[in-house]
Structure formats: structure tokens, C-alpha cells
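*Asks:* need the 3D shape of this:
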Amino acid sequence: MFETGWNLGKVKPQKTTTNDKRNKKRTQEQVAYTEKKKRKLNNISKINEKLKEHHQIGQNKQMIISKKSKSKNTHSPFADADDFDNSEESAKEVLLNPEKLKNGKLEKMRKKLSEGKFRWINEQLYTITGSKALEMFQENPQLFDEYHDGFRSVVESWPVNPVDLILLYLKQKSEEIIVADLGCGEGKIGLESPNKVLSFDLVAKHDKVIVCDIAKLPIPDSFFDIVIFCLSLMGTNYVEFLKEAYRVLKPSGELKIAEVVSRFSDINKFIEVLAEIGFKLMKKDNSNKMFIMFDFAKKKSNKTKKLQSHHAAELLKPCVYKRR
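*Replies:* Numbering: from 1, shown residues only. All right, here's what the predicted structure looks like:
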């Protein structure tokens, strides 16, 4: 009994220990295999991520270089990645901060569209008559604001705004004189001058602006002491504007013209055209690199000599604002 019990006691633990070892070994092998597989998958995943990141960085670097090259070739400030250099660090910054790139692109796109719209409107105004321009703005009044927003940004980059020079001149004159600002735009002269100013343009920016075609002013003869054209001799029939200015000016009245330098194909011939209409040149100021200013006085016109308007119109070229 004792031996049998002893033998049974010995046999059973031996069988249990062997099975446990086998099971334990099998479990360890399975765990090791699973861990090895996981490590392999993790390594593959990491490699893929690095490859993907490297590929994305390469693409963005190429995009930056490509856009910058395009920018240099076209002189356009609207390349998508102008705010970033072509270093790897900047490319990573683009990847880590996509909103920065997104917002920058949107802002530049808006600016590009705005400037493109301004150039288109500007081209229209210089290649159609005043009456056609009036129709255009009457059908699409918002174009006026879009044009002057762009125009304002252009003039703000100039060393001097001719409107400010004209205002300084008017402040030295009697407050009783009557002034016409033809093609007044936003009407700054009428708002800030101490004189009596009537402002005319294709659209009324405020209630002090009279809407009309400035070739056909609703004003009697010999009414104004001074007539102003400040960057407003636009349209293919600008000579008709000058004739109308002659009509509404008092005898010996003043005509002041400020116009972009690049528009003049022949300044002397332009002065001759004004003389044929009946204006005598009193002063010419070309000290500013962006525009030239003329002071004329109303004299008797040479009615015996017919003005060649179709040739005169060619003396002022359309003002084209280039892409910046």
C-alpha cells in the first residue's frame, strides 16, 4: 500500500510536469512568433511612413521650386509657395502646418483675382468711349468699386499722389471759385477742397458726385473757373472731354491735367492738340517719374483749323498696369 501510493504519487507529478513544459514551450514559441510578426509589421509600417513622408517632402520641394521658377519667369507675385524657401525644413513646415499653406493660397488667390479684375476693367475704360463706359457701370455698378480698389493700391505705391498736389494748389485759391473735377473717382478733391467743387464721374461714390458722361456735361457755357482732369483722360474719345472742358470754362479759366507719363507718345503734339482746341500752355511739371502735370489757360480757339481727333486720340496710349 505504501509503495503503491508512493509510486502513484511519483508518476502523476512527472506526467503533469512534462505536459506543462510542453505547453509552456508551445506558448512561448507562439508568443515569440506573434511578437516577431508584430515587430516585422511595425517595421514595415514605419518604413512605409518614412517613404511616404520622404515622397511628400520631395513633392512639396518640387512644387516650391517649380512655383518659384514660374514666378521669376512671369514676374507674378502669385506663386503658391512664395512664403516658403525650398529647404527641407520649410517643406516639413508645409506638411506639419497645412492650414498655413491653405490660408496663404486663398489670400493670394483673392489678391490675384482682384488685380486681374482691376486690369480687365482698366483695359475696358481705355479702349471704349465714355458713353460705353457709362453703360458698363450702369449695368454693373460693383465694377466701379472693384476698379477703384485696385487703382487706389496702385497710386498708394507712388511717391506722390497727384490729387494731393492739386488739393494743395486749390487751398491757395479763393474759396469763391467754382471748380469742376471731371472723372473724379472717389471724389476726394470735392470732399477736401475748401472751394466750391462739382464732381463728375460715371458712378456716384457719394451724393456730391454727379453721374454723367463727361463729354456731355449738364452745365451751361463759361461756368467754371478751373477744370481738372486728374488721371481721368480715359476712353477713345478723350478729345471730346477736352472740348467740353473748353466749353464750360470761363474766359481765361484754368485747365489742370495730371496724366501718367508712359501714356504720352509725343508730349509736344499733345500740347499742340490742346492749342488747337483753344488752350495755352502755362506750365508743365515733369519732375515726378510717375505722372506729368500741365497748367493751361482758356484762350480763343482756332476755329478755322479743323482738329484731327482721330490722330489726336493716338497721342495718349492706354495705361496698362503690369502684373506685379
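
*Asks:* can you map out the helices along the stretch 51-200 of the chain?
*Replies:* Assigned by DSSP state H, counting those that start in this stretch, the helices in the stretch 51-200 of the chain fall at 88-96, 98-127, 130-139, 142-155, 162-171, 188-192.

*Asks:* neighbouring contacts of the third one?
*Replies:* Outside of helix 130-139, the residues that reach it under the criterion C-beta atoms under 8 Å, 6 or more residues apart in numbering are 124-125, 128, 143-144, 202-203, 211-215, 234-235, 237, 240-241. Placement of C-beta: from N, CA and C, glycine included.

*Asks:* which among the residues you listed end up buried?
*Replies:* Neighbour-count burial (16 or more other C-beta atoms under 10 Å) applied to the contacts of helix 130-139 gives 124-125, 128, 143-144, 202-203, 212-215, 234-235, 237, 240-241.

*Asks:* follow-up on the earlier one: by mean pLDDT, show me the worst of the helices of the stretch 51-200 of the chain.
*Replies:* Note on the helices of the stretch 51-200 of the chain: helix 88-96 shows the lowest mean pLDDT, a mean of 50.

*Asks:* about what we covered before: narrow the contacts of helix 130-139 to those in strands?
*Replies:* Among the contacts of helix 130-139, the members falling in strands (DSSP state E) are residue 211.

*Asks:* so residue 182 is in contact with residue 214, correct?
*Replies:* Yes: the pair residue 182 / residue 214 is scored as a contact, 4.6 Å apart, by C-beta atoms under 8 Å.

*Asks:* can you tell me the helix or strand for residue 296?
*Replies:* strand 291-298 (DSSP states H and E).

*Asks:* can you list the strands that that strand pairs with?
*Replies:* Strand 291-298 has the following sheet partners, assigned by DSSP bridges: strand 249-260 (antiparallel), strand 279-285 (antiparallel).

*Asks:* out of those, which is closest to residue 224?
*Replies:* Ranking the strands paired with strand 291-298 by proximity to residue 224 (C-beta to C-beta) places strand 249-260 first, at 5.6 Å.

*Asks:* what sits up against that closest one?
*Replies:* For strand 249-260, the external contacting residues (C-beta under 8 Å, 6+ apart) are 162, 165-166, 169, 222-231, 233, 242, 245-246, 274, 279, 282, 290-299, 316, 319.

*Asks:* that concludes my questions; thank you for your assistance.
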